[in-house]
Each structure stands twice: as C-alpha cells, then as structure tokens.
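J.: Need the 3D shape of this:
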Amino acid sequence: AVGTISLSSEAIASKKWHGVSLGGWLVMEINPSVRGPNATLDFRPQWMFDQIQAQSELDFITALRQQHGDDYAIATMKNHWDGYISDAMLHEAQALGVDTVRIPVGYWIMDSPVRGAGSPLEYGISPEGFITGGLNHLYIMLTKLRKLGIGAFIDVHSLPCNSYCVSDGLSCSVPLAFANDGMPVGLGPIGDLPRCNGGKYPTTRRPKDGEATWGDVGVNAVAALARWIANLPNEAAGVVAFQLANEPAIGVSGYEDAVNAWYERALPLVRVHLPVMPLVLSWLSPSETVTIFLKSMTQLLKRDALKSYSRNQQLVTDYSRLIADHHYYLNWMALPGQPALSWHELHHRACAAVSEGGLIVYTRAKQALIVGEWSLAVNLDMPQDLTKQETRQHLGQLYQEQLSVFSATTEVSGAFFWTLRMGSGWDPRPSKKFPHGHQIGGSSVWRSLDSYPYKVWSLLEMATYGIATPLNLPHQSACAK
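T.: Residues are numbered from 1 along each chain as shown. The predicted structure follows:
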C-alpha cells in the first residue's frame, strides 16, 4: 500500500511510540456548562471547551444549523479544523519528543453529504447531521506530519452510538454500534438514534444491501477509512497504526461479547486494505476474556495470511499482529464521595501501573499493547494550584513515573498523552470581527483561562510550567526516587 509507512513487527518491537493525541480536533468532545443530576462521571462541565457548550458535537452542530443555517455550521467546523491545531503546535510537540500522534476521528468522516455528489471530501451535512469534509483536513495533517517525520496513528474514536451517555460525537442512551436495546450485534434496523436524557437524533440514512444495522454502518466506515489510508499518495504516507474502535460501549456493562463480535466482522475487512499495518483494538476493561479473544483472532488472521503469504514469514507475522489499547488514568481511581487520594498514594499507583493496575492482564498474557491515553489529572479532576511549587513538583514526578513504567514494560509499544491542547478560550464560530474564529483574550493554546479546571490535560500547557518534559528522554529511574 502506498499510503502507509511499512513497519515490520520486529521494527515495532524495537521502537516505542512517544505520542500525544490530537483530542478535540476531528472529534469535538463538548459538554454542557452545567452538570445534570444523573450525569455520568465522564460528563463534565466545560470539557473540553469553555466558550461553547452542548451535549455533544452533533448537538452543537444541530443548534448552529437551527439558529444560523447550514452554511454557518459548515463555516464553524471548517474554522475549527483549520485553526485548532497549528503548525507551531506540531513543532512544539516534536520538541517535546513526540514521534507519533494519535488522531481521533468519527465514523462520519467517511460520509458524503446528503445532497452532494457522493464524495466524503465535499462539505455538507451527513445523514445524522454532522458536517462532512473533515477528510480534507485529515489529509492536510498527514502531509504536515510526513514532512516533520512524525507518524500518524489514526483512531476511530467514535462509531454510531459508540457509548452510553458519553460525549464522543454523539451522546446516546444505547451503544447501537454494538447492539440494539441489549440485542447482539447485527440485530435492529437503522433508524433514529436514542439520545441521552431523552429525544432522538434523526437520520436520513436507510437500510440497504450490506448495511442494515448501526453495527454495519460502523464496520463499513472503518473499512472505507482503511481503504482510503491504503491509497494515500506518498506525500501523506505517514500512517503507522490504525485503531478500529475506542472505549467501545463505555458507560454500560454486558457488551463484551457484542464488541468482540463486531471486531470479528471488522478485522478481515480492514486487513484486505492494510495487510501489514499494526491494528489496535480497544476495550474499556482488560480481562482474560479479552486476551483469549486476541489470541484467537491472531490465530485466525495467521491462518488467512498463510493462504496468501506462505513463503513470507514476516508478512504472515505482520498480518496477524494485533495490539491492545489500554487507557491508564489515575484520575478515575478516586471514588465519588470518598476522600481524595494523597500524593503518596498517587505516586504509588503510578509506579504500580503494571503490578497492581490493568496492564498486568496484558503483560501476563505477553500481549502487545499501547497506553492509548494517560494524563496528569487526579482525584476526579480536582483543581490544581499550578502557582504552587509543591504542586508542580508532584505533577512533574507523576509525569516521570508514568513514563518510566510505560518505557520499562516490554509489552508496551507506546504511550499517548491526552491531549496536545485543551480548548479553553477557543471559539470557532465565525463573526464579523473574527470570520475564522478566534482565541479569546487572556487565553492561548499554551495558557488556559484562569478559571478553567482542566489545564493538566494539556501537554503544551504543562510544558510551560516545566512539568512536561520530552517524552523520549530516559525515565527509567523515576519510580526509584
């Protein structure tokens, strides 16, 4: 394939990815400004933006269309895609040791507009109401990363109703990407999507041959994106890994079998287009069931590969190689209504990420994995006074400790900080004075507004405080302090 950097499994094993996510860019994680009484833990006021609010990106776009029309909504999203991640930020990321960026995208990136000529490159309105054309901006980003020598790890962060009441493009009350009203994947026709807290997201999408359910929509979108990646020209040929889903069915239990069934359907379709690229699979919670599933799928893929590549053992190995995605967040280790974890306990948990944390499930099974998301947030986003030297010292130590564990763990192929920047002060809506959107006074990419509670999630902002240092520096001794 011309659109990928070909890396053998041996090359990947010898090199760890030092990464950061471009969170909030092609999938806007927007929340309301006030937390509702029944909101899930992940539904946080002003996450990830403090100048715009909605229950999700789709709710935000719907409101723009209703208040100002489709052209205004399209202009807003084009402003966001053009202005949220700048060249200066990419250069700064590289200076911070970033050699790979994780790029979250939504399934709708492969949709063409309802009244268009049939190309996902056209700007318009998708069947569910998203703005189409984001694929243009992904392509431009890939060319920039290629010139910088930074790899791109594309993550399908949101499938249609990916989760339960989480703002990941939509906010749905049922994870229809994997099941419908508790039924196994593959059942339940395409129709309006149930919205968290009531109501529906209307869709003009209708069942057709090969696409009768929302599970089909997700599988087809992932396969289409894989085909697009495989056919990228050399100027954009910087994709080093592809993630099929992110945190599937988060917020609700009982969907593990449905998630695995979805992966079983999607994997062969992706491998047709990306035969040697590392493929990444995500689960919310690691378990023996997950590792057994990964081993069984590896064997099935190896069997398929032997039919076509029996004389090339390296191709067989690469074709069958799967990587698990594990998210390691100290933030969610505190329990609602319970005392906050002390700095001493937090340092212990950072250093015990393998021995006592979820990573041990994968390391015991000798399963390759990435830490697809980690951060410096603690105690359910407890605000931190960054003017205090003691606070900065503790956060800097947590940063070093987590990196030291990730780098010292053989099975970990890479780790990705969430995120490069946060959206404090950013407003992409066009106005007479700011037709391309703007960063409001008193804020910048490197400095959130003083009242913003999520500063520690920004790699760039943490670097300005001296907390974040280059990701690719040796950190092996941090936990020995």
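J.: quick one: low-confidence parts of the chain?
T.: The chain contains residues with pLDDT under 70 at 1-14, 179-188, 476, 481.
J.: Now S444. Its backbone dihedrals?
T.: phi -160, psi 180 (degrees, to the nearest 10).
J.: what bridges to it?
T.: R447 (DSSP bridges).
J.: Pretty sure T213 sits against F178.
T.: No. Using Cβ atoms under 8 Å, T213 is not in contact with F178, being 10.1 Å away. (Glycine included, C-beta is placed from N, CA and C.)
J.: Who has more neighbours out of these two?
T.: Applying other Cβ atoms under 10 Å to T213 and F178 shows that F178 carries more neighbours, namely 29 against 22.
J.: Point me to the helix or strand that includes the more buried one.
T.: Using DSSP states H and E, F178 is not contained in any helix or strand.
J.: Assess the claim that it and P248 are in contact.
T.: Yes. Using Cβ under 8 Å, F178 is in contact with P248, at 6.0 Å.
J.: Give the residues shared as contacts by the two.
T.: Common neighbours of F178 and P248, counting by Cβ atoms under 8 Å, 6 or more residues apart in numbering, are L159, Y255, V259, W262.
J.: Backbone dihedrals for L386, please?
T.: According to degrees, to the nearest 10, L386 has phi -80, psi 0.
J.: what's the distance between it and G106?
T.: To G106, L386 is 32 Å away according to Cβ to Cβ, to the nearest Å.
J.: Pick out whichever of these two has more residues nearby.
T.: When neighbours are counted by other Cβ under 10 Å, L386 and G106 differ, and G106 comes out ahead with 26 against 17.
J.: Dig out what that one forms beta bridges with.
T.: Going by DSSP bridges, G106 is paired in beta bridges with S158.
J.: ok so, going back, from the shared contacts of F178 and P248, which is closest to S282?
T.: Ranked by distance to S282 (Cβ to Cβ), the shared contacts of F178 and P248 are led by V259 at 8.9 Å.
J.: So the closest one is in contact with S285, correct?
T.: No. Contact criterion Cβ under 8 Å: V259 and S285 do not qualify, at 11.0 Å.
J.: Was I right to think A324 contacts T363?
T.: No. Taking contacts as Cβ under 8 Å, A324 lies outside contact range of T363: 10.6 Å.
J.: Is N162 in a helix, a strand, or coil?
T.: Three-state assignment for N162 (DSSP: H, G, I helix; E, B strand; the rest coil): coil.
J.: Tally up the residues packed near it, please.
T.: 29.
J.: show me the residues around it that make contact.
T.: By Cβ under 8 Å, 6+ apart, the contact set of N162 is D168, G169, L170, C172, P175, A177, A245, N246, E247, P248, A249, I250.
J.: Would you quantify the distance from I229 to L90?
T.: From I229 across to L90, the span is 20 Å (Cβ to Cβ).
J.: which of these two has more neighbours?
T.: Shown here are I229 and L90; by other Cβ under 10 Å, I229 has more neighbours (23 against 20).
J.: Using the three-state scheme, assign that one.
T.: I229 ends up helix, using three-state DSSP.
J.: ok, it touching L274?
T.: Yes. In terms of Cβ under 8 Å, I229 counts as a neighbour of L274; the distance is 6.6 Å.
J.: State the number of residues packed around T409.
T.: T409 has 19 nearby residues by other Cβ under 10 Å.
J.: Quick check, it in contact with V354.
T.: Yes. Using Cβ under 8 Å, T409 is in contact with V354, at 5.6 Å.
J.: Could you name every residue contacting both of these two?
T.: Any residue near both T409 and V354 by Cβ under 8 Å, 6+ apart counts here, and that gives T363.
J.: returning to that earlier point: ok, A324 and T363, which is more surrounded?
T.: A324 (24 against 15).
J.: Please name the nearest non-neighbouring residue to that one.
T.: L369 (4.1 Å; Cβ to Cβ, 6 or more residues apart in numbering).
J.: For that neighbour, list each beta-bridge partner.
T.: Beta-bridge pairing for L369 (DSSP bridges): A324, V412.
J.: doesn't E411 make contact with it?
T.: Yes. Using Cβ under 8 Å, L369 is in contact with E411, at 5.7 Å.
J.: who has more neighbours, the two?
T.: Counted by other Cβ under 10 Å, L369 and E411 do not tie: L369 has more neighbours, with 27 against 18.
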